[in-house]
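Participant: Let me see the structure of the following:
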Amino acid sequence: MNLGKIVWLAGNIPVIGQILRYFVRRYPEGSVVTIRYGYAAGYKWKRSHRYVNGYWIGHYELPVQEAIVRELSQGDIFFDVGANAGFFTLVAAKRVGSSGKCVAFEPLPDNAKNIIEQVRLNGLGFCFVVEEALSSQEGVTNFFYDTPGTSTAHLGDIKAGERAIAVKTTTLDKAMQQWGLPVLIKMDIEGGEIDALKGATALLEQKTPKFLIELHGPVCEEKVRHILSNYGYSFFDLSGKFIEAGKPLPSHIVAKKPDKISICD
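Facilitator: Below is the predicted model:
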């Protein structure tokens, strides 16, 4: 077991987790550190109290990190849809290298600015930030959030206590035309996954990208499963285990078409 996983497990133990969080919150805003654990280890991170400490420590959502690394290779193109602070963009960047490309889609200005800073800090000229939301069509719409830097901002209906800003929207089909064919698309957009897939008709019909999707509720699970199944996708958990038809999907899934499934799967 690597050190990152040990730190991640320790942080999930209530008392130990509280102690760790107490100490790591004492850093100066804007200070720069080197990520020590996980798959982005070695990259620098400019710290902000807006974001979870797991980003700069490097142990944030290790199973998701592991899935990204497993599904990507050197030279691949990666789309990070709902990139938040850009942590998974860095994880993918470490994997694909300078011969690849990482595109982070993040419509919330504070988050997009942070990703740009992290990319510049690490000299990642093959990483790009698109300050747009993914949806079923191009245009402008309202985007809702509660606090700057939040990871739960979303399209759709406003919730109590949220603010609204107007953001540009694009589609996965348009993004493919502009940035190239992604090998892996990671999506965490608070239920907006359904509309994002509706804007990917050409991508799904003609190409075979893989998806890593966080599902937000039973409706999202049902509709995402229906859309991708109709295009011939099979589903796996983050460890790579196949999920049989009719079985409930976990909160995170990896979806692949048969010609993208290896013998190990």
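Participant: Please list all residues in contact with residue 68.
Facilitator: Residues near residue 68 by C-beta atoms under 8 Å, 6 or more residues apart in numbering: 39, 78, 88, 91, 92, 95, 184, 186, 212. C-betas here are computed from N, CA, C, even on glycine.
Participant: what's next to the helix or strand harbouring the third one, contact-wise?
Facilitator: Under the assignment given by DSSP states H and E, the secondary-structure element containing residue 88 is helix 87-96. Contact partners of helix 87-96, identified using C-beta under 8 Å, 6+ apart, comprise 35, 38-40, 42-43, 45, 55, 60, 64-65, 68-69, 72-78, 80, 83, 100, 102, 104, 115, 118-119, 122, 124, 126-127, 184, 186.
Participant: Name the helix or strand of the protein that has the lowest mean pLDDT.
Facilitator: Ranked by mean pLDDT, DSSP states H and E, the helix or strand of the chain with the weakest confidence is helix 3-11, at a mean of 54.
Participant: now stretch 193-204, how far from the chain's geometric center?
Facilitator: 16 Å (C-alpha atoms, centre = their mean, to the nearest Å).
Participant: tell me which residues of it are tucked away?
Facilitator: 193, 194, 195, 196, 197, 198, 199, 200, 203, 204 (16 or more other C-beta atoms under 10 Å).
Participant: now stretch 216-223
Facilitator: Per 16+ other C-beta under 10 Å, stretch 216-223 contains these buried residues: 216, 220, 221, 223.
Participant: what's the lowest-pLDDT member of those?
Facilitator: Minimum pLDDT across those is recorded for residue 216, with 88.
Participant: how about that residue, secondary structure?
Facilitator: Following DSSP: H, G, I helix; E, B strand; the rest coil, we place residue 216 in the coil state.
Participant: circling back to that earlier point, of the contacts of residue 68, closest to residue 136?
Facilitator: Comparing these against residue 136 with C-beta to C-beta places residue 186 closest, at 18.9 Å.
Participant: Double-check the closest one against residue 79; I have them as touching.
Facilitator: Yes: judged on C-beta atoms under 8 Å, residue 186 makes contact with residue 79 at a distance of 7.0 Å.
Participant: neighbours of the nearest residue to residue 243 once chain neighbours are set aside, just the number please.
Facilitator: Ranked by C-beta to C-beta, 6 or more residues apart in numbering and with sequence neighbours excluded, the top spatial neighbour of residue 243 is residue 235, at 4.4 Å. Number of residues near residue 235 (other C-beta atoms under 10 Å) recorded here: 22.
Participant: Run me through the strand neighbours of the host helix or strand of residue 235, direction for each.
Facilitator: If you go by DSSP H and E, residue 235 is part of strand 234-236. Here strand 234-236 is paired, per DSSP bridges, with strand 242-243 (antiparallel), strand 252-256 (antiparallel).
Participant: got any ranges where the stretch 51-200 of the chain has weak pLDDT?
Facilitator: Along the stretch 51-200 of the chain, the parts satisfying pLDDT under 70 run over 146-161.
Participant: mind running it again at 80?
Facilitator: 142-165, 191 (pLDDT under 80).
Participant: Do you have the helices of it handy? List them.
Facilitator: Per DSSP state H, counting those that start in this stretch, the stretch 51-200 of the chain carries helices over the ranges 53-57, 62-71, 87-96, 109-121, 172-179, 193-198.
Participant: what's the burial count for the residue nearest to residue 101 when sequence neighbours are not counted?
Facilitator: Spatial nearest neighbour of residue 101, excluding adjacent residues (C-beta to C-beta, 6+ apart): residue 77 at 4.6 Å. Neighbourhood size, residue 77 [other C-beta under 10 Å]: 21.
Participant: Kindly report the same for residue 124.
Facilitator: Using other C-beta under 10 Å, residue 124 has 18 neighbouring residues.
Participant: Pull the contacting residues for it.
Facilitator: Contacts of residue 124 by C-beta under 8 Å, 6+ apart are 90, 93, 102.
Participant: Kindly report the same for residue 132.
Facilitator: By C-beta under 8 Å, 6+ apart, the contact set of residue 132 is 105, 107, 167, 168, 169, 170.
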